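> Kindly return the folded structure for what I paste below:
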Amino acid sequence: MVDSTIIRVHQHGMRCGRSKTEEAIGKTRGGWGTKIHAIVDGLGYPIDFKITEGQINDYNMAVPLLQGKMSEYVIADKGYDSDAIRKHLMQSNRIAVIPNTANRILRYEYDSHIYKERHKVEGLFRRLKEWRRIATRYEKHSRMFQGMVALGCLLLWIIF
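You can find the predicted model right below:
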């Protein structure tokens, strides 16, 4: 399962003098933000994640996250409904469980029973955001915030 979530950047997390794209801070409708793109296994445990600016689309990070990972199905929401992702999944012999967007002309079938398991990736973000340090980004450096998310993922593997 693959998904992403937006993290608001605290005003003290903004850094003067450096490019905001270097620090993975981007302008969104809600203000400055960072986005965590994550991939989880069938039980909801984190496998990999990437940190990007808040305005980066979900489907831009799907293929880099999925490369090198083995699975039979890939479950994602409508934000990942693109021909490029579906082509990548077909080439790697995986089944896409992605609902169609409303404006898609060529409609694809998907298994709605398997799609119900997508709540596990949402549960990952819910559990990560229980830690205040991750829910609101206070770190000025993206390396430090990435380390906090990695520590949170590690604790989820140990605790749950």
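> going forward, measure contacts between C-alpha atoms and count neighbours the same way
OK.
> By residue count, which strand of the protein is the longest?
Using DSSP state E, we find that the single longest strand of the chain is strand 31-40.
> Now the element after that strand, going C-ward?
strand 46-53 (DSSP states H and E).
> Show me what that following strand packs onto, helices and strands only.
strand 31-40, helix 58-66, helix 142-159 (3 or more CA pairs under 8 Å, 6 or more residues apart in numbering; DSSP states H and E).
> Highest mean neighbour count out of these?
Of all the helices and strands packed on strand 46-53, strand 31-40 has the most neighbours on average by mean count of other CA atoms under 10 Å, namely a mean of 22.
> any idea how far residue 50 is from residue 92?
According to CA to CA, to the nearest Å, residue 92 and residue 50 sit 21 Å apart.
> what do you get for residue 91?
In terms of CA to CA, residue 91 sits 23 Å off from residue 50.
> So if I had to pick from those two, which one is more boxed in?
Counted by other CA atoms under 10 Å, residue 91 and residue 50 do not tie: residue 50 has more neighbours, with 17 against 9.
> Please name the residues that touch that one.
Taking CA atoms under 8 Å, 6 or more residues apart in numbering, we find residue 50 in contact with 36-38, 61, 65.
> Could you single out the nearest of the residues you listed to residue 74?
Residue 74 lies nearest to residue 65 out of the contacts of residue 50, by CA to CA, at 11.5 Å.
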